[in-house]
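Trainee: Just the structure for this:
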Amino acid sequence: MVGALPKELAALTAGVRRGQSLRHIVTVHTDRTVQRVRGADDQVVVEVADDRVDAVAPGRRAATLSSWREIGTELGPAGGRNLLDAVDARLIGSGATASAGPNQVARALGVTAVGVAGHRPPGPPGRCSAATWPNRMTRSSPGI
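Mentor: Numbering: from 1, shown residues only. This is a model prediction of the structure:
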């Protein structure tokens, strides 16, 4: 059972909730490992985040449990788009595929798109969409 909504969260969501109460829809736990690719000058050119995600979505009769792994890449302050594209290509070549949802909460709930049908809003500038990495892949697998 989830406790009462913290006062700080209640204040932050007041305008969105418009007087309605919030209810617990999912618990997501992410274990993230970040690797930074650095240039010759030791500046970060690309950041690779490896997320192992476990989610529990309570249902009317039973909870839905799910686990997956996501790899996300982000352009570093000293990086160029070509290098980010090369890292993404290497991940895809090693078995990564496009993410099944727009974010981890949506994926845990089985939502695969947001907004207009067939349209997925882009992420922040310089950020690539997360990719699902097959669970059989390990840190020693071919890749970066």
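Trainee: what pairs with the residue lying closest to residue 68 once chain neighbours are set aside across the strands?
Mentor: The shortest distance from residue 68 to any non-neighbouring residue, by C-beta to C-beta, 6 or more residues apart in numbering, is to residue 53 (5.4 Å). For the C-beta atoms, the positions are set from N, CA and C on the backbone; glycine is no exception. Taking DSSP bridges, one obtains residue 30, residue 68 as the residues bridged to residue 53.
Trainee: how far away is residue 53 from residue 81?
Mentor: Separation of residue 53 from residue 81 (C-beta to C-beta, to the nearest Å): 27 Å.
Trainee: These two: who's more crowded?
Mentor: A direct count of neighbours by other C-beta atoms under 10 Å for residue 53 and residue 81 places residue 53 higher, at 19 against 9.
Trainee: What distance do you get for that one to residue 90?
Mentor: Distance from residue 53 to residue 90, by C-beta to C-beta: 22 Å.
Trainee: Name the residues of stretch 21-29 that are buried.
Mentor: 26, 28 (16 or more other C-beta atoms under 10 Å).
Trainee: which residues in the chain form strands?
Mentor: Here the chain has its strands, by DSSP state E, at 27-38, 44-57, 64-75, 97-98, 131-132.
Trainee: buried residues in the first one?
Mentor: Spelled out, it's strand 27-38. 28, 37.
Trainee: Output that strand in CSV with nothing but the alpha carbons.
Mentor: Output in CSV follows, covering the C-alpha atoms of strand 27-38 (Å, rounded to 0.1, in the frame of the first residue of the first chain):
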residue,chain,number,x,y,z
THR,A,27,6.1,1.6,-9.2
VAL,A,28,9.2,1.8,-11.3
HIS,A,29,12.7,0.9,-10.0
THR,A,30,15.6,1.8,-12.2
ASP,A,31,19.2,0.7,-11.6
ARG,A,32,21.3,3.0,-13.9
THR,A,33,25.0,2.7,-14.9
VAL,A,34,26.4,5.6,-16.8
GLN,A,35,29.5,5.4,-19.0
ARG,A,36,31.1,8.6,-20.4
VAL,A,37,33.0,8.5,-23.6
ARG,A,38,35.7,11.1,-23.5
